[in-house]
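Q: Everything below, folded, please.
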Amino acid sequence: MKNKSLVFSVIGSTMLIVLAFIINYTTSMNHPWFIYPAFAVLWWPLGVFFGQNKKYRAFSVVGGLLIAVFAYIVNMVTSPGFPWFIFPVFAVLWWPMTMLINPLKRPKMYSVVASIYIIAFFWLTNHITTPNTIWFIHPVFAVLWWPISTIICGAKKYKLYSVVSTIYITTFLALVNYVASPQYVWFYYPLYGLLWWPMSMFLAKKPKIYSIVMSLLTLGYLALINYMNTPSDLWYPYSAFHLIWWPLVMILGKRAKSFWFALIGALSIIAYYVFLYYRLTPGTHPWYLYIILPAIWWPICASLKRKALTITFVLLSIVVFVAYYSLLNILLTPQHFWAINLVYPALWVVMGVYFGGNRKFFALSVCASIVTIVYFSILNYLHTPNVIWAVYPAFVILWWPLSMYFFKVKKERPQKAAN
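A: Prediction:
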């Protein structure tokens, strides 16, 4: 029965193809359209033969090749000037490739073979369509992550994966740099960020060594940028002072919380910035004065320990900081009243602590609205006195206390009176 079905399918398909060819030849011999029904008819004997023998892999190979040949013939008949058949053939050949290499049983082999296949397709497409522009490296970069991740992560070698991935990304960026803009070397900029990945994988459990290595890496990176871009201006050594704090704190450990470390650190910070001022910008605006108070506040907080977390100390700190910077404003830049920008958020902290702690939210909305409206009015007067714009945010802000009054306070009064 099986043989009769196969013989019948072969004879029947042959007769149909011959009939289509005769009709094509006698009616429109200039266009071989018989290939379309012939392509469809051939699936009959193929399906019968491979289906009866349950040779599904062989069927996928023969079927894929049949479709590829059909697409090539149609391409040559209709538009021989451009080989567009490679696009459908690329998709069709995934069928036999997947049947021959089971991605569930052989994921590593499948990822490698499929990646090579995709790379070959993109290279061929690049060569055929735009041979003067090398663009296939971009999709290839994305494709290769598949076998790299499958092989290395499948073996649970995550540290090796971070190293290989970093080298791979760096190589890709260097290649793109060379192809796209060889006149300017830029690939080392992202390289700094990439190196944090393998360094963190190897040294994360050794925080002291990690801090030392990464500080040196950062300093080296800044030195490279200094040398590559501004070799006449040696600025990277100034960053060493900031980078040393991380490994220093990690090495000292609990001792970094002591008052003496805070005192020495604060004095060294003040001395460093005073040195920078007289070394780089002598006689100009004394900007180092703005750093002195925060530096001094460090040993003060360290000496008070838990008392520095109290509301009283926080409010006192706000008063001292506002007074200090307001004094600097008056003495150094009286023509521009910038201290108001510090007073405004400071008042918000005070109001939040007082009204929020006592759960007086309506009073908070009233006071905060008044403060905000006054703040915008002062800014309006100082910067653009000819244009009155402060009324616009004032209109929006007033909705806050009004909403609190009508939807909360007014509704609560009858309930309290009833009780």
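Q: Break this structure down into its structural domains.
A: What automatic domain parsing lists as the domains of the chain is 258-309, 318-419.
Q: Mean pLDDT lowest where, among these?
A: With a mean of 85, domain 318-419 has the lowest mean pLDDT of these.
Q: biggest helix in the chain by residues?
A: Longest helix of the chain, by residue count under DSSP state H: helix 2-27.
Q: Can you name the residues in contact with stretch 359-367?
A: Contacting residues not belonging to stretch 359-367 are listed as 351, 352, 355, 356, 400, 401, 404, 405, 408, 409 [Cβ atoms under 8 Å, 6 or more residues apart in numbering]. For the C-beta atoms, the positions are set from N, CA and C on the backbone; glycine is no exception.
Q: List the buried residues for that stretch?
A: Residues of stretch 359-367 classed as buried by neighbour count (16 or more other Cβ atoms under 10 Å): 364, 365, 366, 367.
Q: from the chain's centre, how far out does that stretch sit?
A: A distance of 41 Å separates the centroid of the chain from that of stretch 359-367, by Cα atoms, centre = their mean, to the nearest Å.
Q: Check stretch 81-91 too.
A: Using Cα atoms, centre = their mean, the offset of stretch 81-91 from its chain centre is 35 Å.
Q: Please spell out which residues along it are buried.
A: Residues of stretch 81-91 classed as buried under the neighbour-count rule (16+ other Cβ under 10 Å) are 83, 85, 86, 88, 89, 90.
Q: Stretch 3-16 now?
A: 6, 9, 13, 16.
Q: try stretch 144-155
A: Buried residues in stretch 144-155, defined by neighbour count with 16+ other Cβ under 10 Å: 144, 146, 147, 148, 150, 151, 152.
Q: what do you get for stretch 224-239?
A: Using 16+ other Cβ under 10 Å as the test for burial, stretch 224-239 gives 226, 236, 239.
Q: Looking at these, which is nearest residue 294?
A: Closest approach between the buried residues of stretch 224-239 and residue 294, by Cβ to Cβ: residue 239, at 19.5 Å.
Q: where does that closest one land on pLDDT?
A: Per-residue pLDDT puts residue 239 at 91.
Q: Could you pull up the contacting residues of it?
A: 218, 219, 222.
Q: and it, how far is that from residue 300?
A: According to Cβ to Cβ, to the nearest Å, residue 239 and residue 300 sit 27 Å apart.
Q: quick one on the thing from earlier: closest one to residue 334 out of the buried residues of stretch 359-367, please.
A: Nearest member of the buried residues of stretch 359-367 to residue 334, counting by Cβ to Cβ, is residue 367, at 29.0 Å.
Q: Export the buried residues of stretch 359-367 as CSV, with columns for secondary structure and distance to residue 390.
A: Listed next are these as CSV, based on DSSP: H, G, I helix; E, B strand; the rest coil; distance: Cβ to Cβ, whole Å:
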residue, secondary structure, distance to residue 390
364, helix, 21
365, helix, 19
366, helix, 18
367, helix, 18
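Q: Nothing else from me, thank you.
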